[in-house]
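Peer 1: Predicted model, plus sequence, below.
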Amino acid sequence: MSVEFACLSNFTFLTGGSHPEDYISRALVLGLRHIAIADVNSVAGIVRAHAACRDIARRVQERQSWDRCNGEIGPPRPAGLLQADVSQALSFPVYDRVRLLPAARLVFADAPEVIALPQSRAGWGSLTRLLSKGRLRAPKGDCLLYLSDLLEGAGDLHLLLVPQAQHQPGGAGGWGPHIEALTRRFAGQMHLMLAPQYDGRDQTRFIQVRDWARHLNLPLLAGAAPRMHHGSQRRLADVLSAIRLRCRVEDLGRAALANGEQRLRAPPEMAQLFRGYEEALCAAKDLAQRLDFSLDELRYDYPDEGLEGESPSTRLRRAAEAGLRWRYPGGASPKVRAMLEHELQLIARLKYEPYFLTVNDIVQFARSRGILCQGRGSAANSVTCYALGVTSVSPEMGTMVFERFVSEARDEPPDIDVDFEHERREEVIQWIYERYGRHRAGLCATVIHYRGKRAIREVGRAMGLSQDTIGALSSQLWGGFDRSGSAAARLAEIGLDPNAPRLRQTLELVQQLIGFPRHLSQHVGGFIITQGRLDELVPIENAAMEGRTVICWDKDDIDTLGILKVDVLSLGMLSCLRKAFDLMRQHHHLDYDLATLPPEDPQVYDMLCRADSLGVFQVESRAQMNFLPRMRPRDFYDLVIEVAIVRPGPIQGDMVHPYIRRRNGEESVEYPSDALGAVLRKTLGVPLFQEQAMQIAMVGAGFTPEQADRLRRSLATFKNHGNVSEFRSLFLRGMKRNGYEDDFSQRCFSQIEGFGSYGFPESHAASFALLVYASAWIKCHHPGLFACALLNAQPMGFYAPAQIVRDAREHGVTVRPICINASFWDNVMEPDGQGGLALRLGFRQIKGLSEEDACWLTAARGNGYMEVEDLWRRAGLSPPVITRLAEADGFAALGLSRRDALWAAKAITAKKPLPLFAREMEGESIHEPAAHLPQMRIGEEVVEDYVAMRLSLKAHPVALLRHLLTPQNAGGAAGGRGED
């Protein structure tokens, strides 16, 4: 039998012992023609198996093409083809591919389990609706299904009834009513599953199941019901069970696998296992041939919310033309109009208009609510997106060619990410759900995989290691166990025996577990929006966060299926910039936004060349501050390079120093060919962007657009394990064929390989460069407003409020302390009495003070508070809140020192509940003599300021020690402290 219907993958989290891709590779080796990944109430791993099947077919086709040409002509030998399983299978040309049968194992609360197999596209839709129904009525990660859900809503499904030992075909508490309903509803569309349990009693069990099948009038269908693709995964499967059950492996009992036989099996093994039940094997083969549904049939329809009778093309053109008039009140230049027309024609040919219109709808909603946003991504830096308001990067600033991302050569949608203010992104998310409906919109999933430290912790507990040992391993061997010998030395250093059997076995299991999926989480903002029902394309489930729903596929899965994703992301700097624009309008009557700031201001670039960039987006790190004076940016594209070059990828690829030497004229700029010169001229012959890596591969090494796109995917940032190196031989062979020297080719690929750690796309760098310029412009011309906005947008960036305040004061900004009669929740700008503005610190700087309490304080303030007790009497603040205000020295304007205010706050705690007429009852109260408290020294004041607010306006802590740090007595002071 060359088919298996009941493979349990590791997407049945902490149960299945193998990746879906491993099942496909192993099936190819064993000669299986059909395989179904049937996870419990889930189809989360199916796309990965589908992609593996497609990849094998592609690799076989490339191999056959290579063999036909005998390696002399035609395409280069396919990169990465000679993997162990695939290469072994290629020796059997009859098994040139494996076909995936989509499936799910449905576990009901009131009925036996069934494996559901869609017979058509409609059957897939009914399966995903069924799973959505069960998951939406349960908390995140769970699914609650009833038999009635299947009977009422499922159609065009073939069911495999899975018998359990406790089930009987009839009688009280047995299958009776369930089976009767199922067999009536799915007459002719059901089999009874015959699967071994490998416990020595399978033959007796087979006889019993055959009797049940006769009683129920159901045909038998044979399957191995594997839990792993190979028997070597047995130990890992037991460890997963121990992690799931939160016990040690030795305490698993019956939950442990009895042996390693619950694995994928070859047809001869199946024939031997089911001798005497050949009709069950034939039934499996016949059913597999009847099931012709494939995930390739899933078609994604872009959402189109246009007017009746108006085509998407007409609507996009109308919106773009209106946006062009908005962006260019004096009229757009002929060049810009020609670029727009070219882009619109290309978009129309590829039928991508609904994609751009969907992004435009989201952005227009944000703008209508005053939410600042900025688009970035492969297609964001275009005239179309500039006209629509998706991005504020002017086409005069832009440097990208539109076809590089929206191309007829690559059949995939363009990529546009939109960043929103981090404080208000949830408004946009909830509007999307309301606009399109939860049956049409859902967040993409993120698969949380095991990494080194977590794998060590969980495997260590399952293996019974002590917490001390687990902690030591986690701190020293976070990347897992390697076989180079260095790990053994490190184990010995921390006092562990590297030859101890249990420890060695634990580390081997850790290495196996790394990369396994553990659970699903939600993507940071990737939305899937469809024209029809999303729950007929993929199951929808609840997220951990209230009010959000997600699908079970991650971004790689939806890329495989060509499904649209719009990234609705958050960015703290946008909150800061919006607050700064509001302050500029309020105090200076300047109505600026990202697109209308004065461009190419020399003062801004002078400031950046001095590395005066604290708080400036993307260039505030110490590495950027060190690089700015060497880079000396003088125009916008310099900022684009600045954003991209100080990254792990370019640094590891040794791109930084060559670029600086060439920019400073210390090294000549030479190009090995005119073709590569056109690609690298903007960056002085040094590849800095992902797009350039793709262009080098295509122009220099002769990569096809598909191969270049696979290279681009391998350069993605947050991969669990990159595979960029598999393209080395293909790249080097292509470069040599095109006449490039081996030394140059090796160096060029090493630079590209650096992107495997972190490579930045030029389109993203251009969008970020605009935010760099905007934040730097505001800091340069309005440092007080910038500091105020930056403090109000916290937490964000590299620097604490104390450093932001210090930097503002160094730029001549007057900063005033928190005051109960002058401060608000936010930091504000107020007249300084000399025609300028001063920054007044807000109550948000006080640790432990809530916004609600601050609002009560300001609402009841009136003409001001006269004494500490007024806050209790008029604002209704509790004594602990008043104490926090006193600890922050908020009563200084009343002439009260910090200690006096604290004394008064503590006195309120001893008072009785507030009487109705407190003033009239003062004669009855007890008058205590005035307390004469000692004045706090400046050092104490500074310490208390930092405790209460994390900053101080009175002095810098180091200033109190400055007299000890002079060159004359620094050594003596240090020596004195040492002697003490």
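Peer 2: Perfect, I can see it now.
Peer 1: quick one: contacts for Arg663?
Peer 2: Residues near Arg663 by C-beta atoms under 8 Å, 6 or more residues apart in numbering: 631, 684. Bear in mind the C-beta positions are built from the backbone N, C-alpha and C, glycine included.
Peer 1: measure it to Pro539 for me?
Peer 2: Separation of Arg663 from Pro539 (C-beta to C-beta, to the nearest Å) stands at 52 Å.
Peer 1: Tell me which residues touch Cys247, please.
Peer 2: Cys247 makes contact with Ala462 under the criterion C-beta under 8 Å, 6+ apart.
Peer 1: element containing it?
Peer 2: For Cys247, there is no host helix or strand (DSSP states H and E).
Peer 1: can you map out the strands along the stretch 151-300 of the chain?
Peer 2: 157-161, 190-194, 220-222 (DSSP state E, counting those that start in this stretch).
Peer 1: okay if I get those as JSON lines plus distance to Leu871?
Peer 2: JSON lines is the format used below for the strands of the stretch 151-300 of the chain (distance: least, C-beta to C-beta, whole Å):
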{"stretch": "strand 157-161", "distance to Leu871": "67"}
{"stretch": "strand 190-194", "distance to Leu871": "72"}
{"stretch": "strand 220-222", "distance to Leu871": "76"}
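Peer 1: Go through these and name the closest to Arg937.
Peer 2: Shortest distance between Arg937 and these, using C-beta to C-beta, is found for strand 157-161: 79.4 Å.
Peer 1: any idea how far Val686 is from Arg663?
Peer 2: For Arg663 relative to Val686 (C-beta to C-beta), the value is 10 Å.
Peer 1: that older thread, point out the most buried one among the strands of the stretch 151-300 of the chain.
Peer 2: Across the strands of the stretch 151-300 of the chain, the average number of neighbours (mean count of other C-beta atoms under 10 Å) peaks for strand 220-222, which reaches a mean of 27.
Peer 1: quick one: strands adjacent to the longest strand seen in the chain?
Peer 2: Taking DSSP state E as the criterion, the chain has its longest strand at strand 517-529. With DSSP bridges as the test, strand 517-529 is paired with strand 441-449 (antiparallel), strand 566-571 (antiparallel).
Peer 1: Distance to Leu790, mean neighbour count and mean pLDDT for these - can I get that in a markdown table?
Peer 2: Listed next are those as a markdown table, based on distance: least, C-beta to C-beta, whole Å; neighbours: other C-beta atoms under 10 Å; pLDDT from 0 to 100:
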| stretch | distance to Leu790 | mean neighbour count | mean pLDDT |
| --- | --- | --- | --- |
| strand 441-449 | 30 | 22 | 93 |
| strand 566-571 | 14 | 22 | 90 |
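Peer 1: mind putting these in CSV, distance to Arg317 included?
Peer 2: Output for the strands paired with strand 517-529, formatted as CSV (distance: least, C-beta to C-beta, whole Å):
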stretch, distance to Arg317
strand 441-449, 26
strand 566-571, 21
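Peer 1: So for Thr384, which of those strands sits nearest?
Peer 2: Nearest to Thr384, of those and by C-beta to C-beta, is strand 566-571 at 15.3 Å.
Peer 1: Return the very next helix or strand once past the closest one as CSV; C-alpha atoms alone will do.
Peer 2: Downstream of strand 566-571, the first helix or strand assigned by DSSP H and E is helix 572-588. Provided in CSV are the C-alpha atoms of helix 572-588 (Å, rounded to 0.1, in the frame of the first residue of the first chain):
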residue,chain,number,x,y,z
GLY,A,572,7.1,54.3,18.8
MET,A,573,8.9,57.1,16.8
LEU,A,574,5.6,57.8,14.9
SER,A,575,3.9,58.5,18.2
CYS,A,576,6.8,60.8,19.1
LEU,A,577,6.6,62.6,15.7
ARG,A,578,2.9,63.1,15.8
LYS,A,579,3.1,64.6,19.3
ALA,A,580,5.9,66.8,18.1
PHE,A,581,3.8,68.0,15.1
ASP,A,582,0.9,68.7,17.4
LEU,A,583,3.2,70.8,19.7
MET,A,584,4.6,72.7,16.7
ARG,A,585,1.0,73.6,15.6
GLN,A,586,0.0,74.6,19.1
HIS,A,587,3.0,76.7,20.0
HIS,A,588,4.5,77.9,16.7
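Peer 1: list the buried ones in helix 572-588?
Peer 2: Using 16 or more other C-beta atoms under 10 Å as the test for burial, helix 572-588 gives 572-581, 583-584, 587.
Peer 1: quick one, what contacts Arg518?
Peer 2: Residues near Arg518 by C-beta under 8 Å, 6+ apart: 13-14, 448-450, 454.
Peer 1: for the residues you listed, which one is nearest Ala860?
Peer 2: Ile448 (47.3 Å).
Peer 1: I'd like the average pLDDT over stretch 473-493.
Peer 2: Mean pLDDT, computed over stretch 473-493, is 68.
Peer 1: So for that stretch, first residue to last residue, what's the gap.
Peer 2: 11 Å (C-alpha to C-alpha, to the nearest Å).
Peer 1: count of residues packed around Phe13?
Peer 2: When counting by other C-beta atoms under 10 Å, one arrives at 23 neighbours for Phe13.
Peer 1: circling back: which of the strands of the stretch 151-300 of the chain sits closest to Ile179?
Peer 2: Nearest to Ile179 among the strands of the stretch 151-300 of the chain is strand 157-161; the distance by C-beta to C-beta comes to 7.7 Å.
Peer 1: The closest one - what's its average pLDDT?
Peer 2: The model assigns strand 157-161 a mean pLDDT of 94.
Peer 1: got it, and stretch 767-786?
Peer 2: Across stretch 767-786, the average pLDDT comes to 95.
Peer 1: Any buried residues in it, and which?
Peer 2: Those would be 767-786, for stretch 767-786 by 16+ other C-beta under 10 Å.
Peer 1: how much space is there between Glu741 and Ser148?
Peer 2: Note on Glu741: its distance to Ser148, by C-beta to C-beta, is 71 Å.
Peer 1: Please apply the same query to Pro226.
Peer 2: Distance from Pro226 to Ser148, by C-beta to C-beta: 31 Å.
Peer 1: Between these two, which is the more surrounded one?
Peer 2: More neighbours surround Pro226 than the other of Pro226 and Ser148, with 26 against 12 (other C-beta under 10 Å).
Peer 1: Leaving out chain neighbours, which residue sits closest to the more buried one?
Peer 2: Excluding its sequence neighbours, the residue lying closest to Pro226 (C-beta to C-beta, 6 or more residues apart in numbering) is Leu264, at 4.6 Å.
Peer 1: do the same with Ala886
Peer 2: Excluding its sequence neighbours, the residue lying closest to Ala886 (C-beta to C-beta, 6+ apart) is Ala901, at 3.7 Å.
Peer 1: tell me which element that neighbour falls in.
Peer 2: For Ala901, the host element (DSSP H and E) is helix 898-910.
Peer 1: Dump that helix to CSV, restricted to CA.
Peer 2: Extracted in CSV, the C-alpha atoms of helix 898-910 (Å, rounded to 0.1, in the frame of the first residue of the first chain):
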residue,chain,number,x,y,z
ARG,A,898,10.1,66.9,50.4
ARG,A,899,10.2,65.9,54.0
ASP,A,900,7.6,68.4,55.1
ALA,A,901,5.3,67.2,52.3
LEU,A,902,5.8,63.6,53.3
TRP,A,903,5.1,64.5,56.9
ALA,A,904,1.8,66.1,55.9
ALA,A,905,0.9,63.1,53.6
LYS,A,906,1.5,60.7,56.5
ALA,A,907,-0.7,62.7,58.7
ILE,A,908,-3.6,62.2,56.3
THR,A,909,-3.3,58.5,56.8
ALA,A,910,-4.1,58.8,60.5
